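**Student:** Generate a structure from the sequence data that follows.
(one chain, ligands or ions: 2)
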Amino acid sequence: MNTPEPGLPMVVPAQGLPARVRIHEVGARDGLQNEKATVPTAVKAEFVRRLAGTGLTTIEATSFVHPKWVPQLADAEELYPAVADLPVELPVLVPNERGLDRALALGARRVAVFASATESFARANLNRTVDEALTMFEPVVRRAKAADVHVRGYLSMCFGDPWEGAVPVPQVVRVCRALLDMGCDELSLGDTIGVATPGHVTALLTALAGAGVPVSALGVHFHDTYGQALSNTLAALQQGVSTVDASAGGLGGCPYAKSATGNLATEDLVWMLRGLGIDTGVDLGRLVATSVWMAAHLGRTSPSRTVRALSHQES
Ligand code: HMG
Ligand code: MG
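**Tutor:** Ligands and ions are numbered 1, 2, ... in the order given. As a prediction, the model looks like this:
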C-alpha cells in the first residue's frame with residue numbers, strides 16, 4: 001500500500017483483474033440526450049474537448065438518429081465537425097442506413113448500432129421488433145465494415161426491462177450472437193434501467209463465454225439507478241471485461257425508458273480503478289473539473305459521489 005496523492009485513492013491491487021481498462025465515455029451522447037434543456041452546440045463541443053483533455057481516448061460524440069426522436073442531439077451535423085480534429089476516437093450512434101450516410105458524410109470512423117434484448121424496448125426505441133431492428137442493422141454493419149469503419153453493437157435491456165421485468169439470459173445471448181455474426185467488432189451490454197446486480201452480471205458473462213462470445217469483444221454499460229453500477233463493473237472485470245462505458249459526472253438516461261437514470265459516473269469508475277492499480281490514462285482532477293463546469297451549464301450539481309467529494313459541491 002502506498003501513501004495516496006491528494007485527491008486520489010490509496011493503491012491496493014487485487015488479483016485477477018485486467019491491467020488496463022479502456023473507458024468508453026458516453027456523457028456527451030447518453031448524458032446529453034436525456035437533458036430536458038437542449039445544450040448549445042458550442043457548449044457540447046467544449047465539453048467533448050475538455051473530456052479529450054482528461055486523457056479519455058474514446059468519447060461518444062452524438063447520434064445520427066431522427067431529430068424528432070432525440071431533439072437534444074439534432075445538431076449532430078454541426079457538432080461532429082466541431083470536434084473531428086481531436087486526437088481521440090469519436091464514435092457516433094446510427095440506427096439505420098440514413099444515419100450511417102449522415103455519419104460517413106462527415107468522416108466518422110466509428111459507429112454504433114443499438115439493438116434491444118426485449119420486444120417492448122425495441123418497439124419503444126426503434127419502432128421495430130427485435131428481429132426487424134436486426135434486419136435494419138445488417139446493411140449498416142455491412143457498409144460500415146466495407147468502408148473500414150469500426151462498429152459497436154449496443155444491446156439494451158440485458159438484465160431487466162420496465163415493461164417485461166427480468167430478461168432471460170438466453171434471450172440476451174441470442175441477440176448478442178446475432179450482432180457479432182452480423183460483423184460488429186464489439187458489443188456493449190446495457191443495463192438500461194440499472195436493475196442488474198453482480199450475480200446477474202456474472203451469470204450473463206458466463207453464458208456468453210459458453211456461447212463462444214470472446215470477452216475481449218465485450219464492454220459493459222451500467223446505468224446507476226439503484227447504486228449498483230460500480231459493483232456490477234467489478235463483477236465484469238473479474239470475468240475479464242476490460243471495456244467499461246461511463247459518463248462524466250454521471251449524466252445520462254434514455255428518453256425511451258423512463259425508469260433509466262444516469263450512467264455509472266466516470267469519476268467514480270476512475271477512483272475505483274486507480275485504487276485497484278488499474279491504468280486508465282485519465283487525469284481525475286481534470287475530469288472532475290470538466291464535470292463541475294458541465295454541471296454549471298446544466299444548472300444542477302453532479303450526482304457523482306467522487307465529483308462531490310473532490311469538488312466540495314453541495315447536493
Ligand atoms: P421510424 O419512424 O420507424 O423511421 O423511426 P422510418 O424508417 O419509418 O423513417 C421515417 C422518416 O424518418 C423518414 O423521413 C426518414 O428519412 C427519416 P420522411 O421520408 O418521412 O421525410 N429518418 C431519419 N432522419 C434522419 N436521420 C435518421 C433517420 N432515420 C429515418 N437516422 C428510427 C425509426 C430508428 C429512425 C427512430 O426510431 C429513431 O431515430 N430512434 C432513435 C431512438 C434513440 O436514439 N434512442 C436513444 C439511444 S439508445 C440508448 O440510449 C441506449 C444505450 O445507451 C444503451 C443502454 O443504455 O441500454 C445505447
Ligand atoms: Mg445508456
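**Student:** Going by C-alpha atoms from here, please, whenever you check contacts or count neighbours.
**Tutor:** Fine.
**Student:** Which residue, neighbours along the chain excluded, lies closest to the residue sitting nearest the centre point of the chain?
**Tutor:** Closest to where the C-alpha atoms of the chain average out (Cα atoms, centre = their mean) is Asp245, at 3.8 Å. Closest residue to Asp245 apart from its sequence neighbours, by Cα to Cα, 6 or more residues apart in numbering: His24 at 4.5 Å.
**Student:** So is the helix or strand encompassing the residue nearest to the centre of the chain next to ligand 1?
**Tutor:** Using DSSP states H and E, the element containing Asp245 is strand 243-246. No: when contact is scored as Cα under 6 Å from any ligand atom, no part of strand 243-246 falls within range of ligand 1; the minimum is 9.4 Å.
**Student:** partners of that strand in the sheet?
**Tutor:** strand 22-25 (parallel), strand 218-222 (parallel) (DSSP bridges).
**Student:** what about the helices in the stretch 101-250 of the chain?
**Tutor:** Assigned by DSSP state H, counting those that start in this stretch, the stretch 101-250 of the chain shows helices spanning 119-126, 130-146, 169-182, 198-210, 229-238.
**Student:** Turn those helices into TSV, columns for distance to ligand 1, mean neighbour count and mean pLDDT.
**Tutor:** What follows is the helices of the stretch 101-250 of the chain, written out as TSV (distance: least, Cα to the nearest ligand atom, whole Å; neighbours: other Cα atoms under 10 Å; pLDDT from 0 to 100):
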stretch	distance to ligand 1	mean neighbour count	mean pLDDT
helix 119-126	4	18	98
helix 130-146	8	18	98
helix 169-182	12	18	98
helix 198-210	14	17	98
helix 229-238	12	21	98
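**Student:** Relative to Met294, which of these is closest?
**Tutor:** Nearest to Met294 among the helices of the stretch 101-250 of the chain is helix 229-238; the distance by Cα to Cα comes to 21.7 Å.
**Student:** contacts for the closest one?
**Tutor:** 16-18, 194, 196-199, 201-202, 205, 220, 222-223, 244, 263-264, 268-269 (Cα atoms under 8 Å, 6 or more residues apart in numbering).
**Student:** one more time with 6 Å, if that's ok
**Tutor:** Identification of contacts with helix 229-238 by Cα atoms under 6 Å, 6 or more residues apart in numbering yields 17, 198, 222, 264.
**Student:** Good, we can wrap up now.
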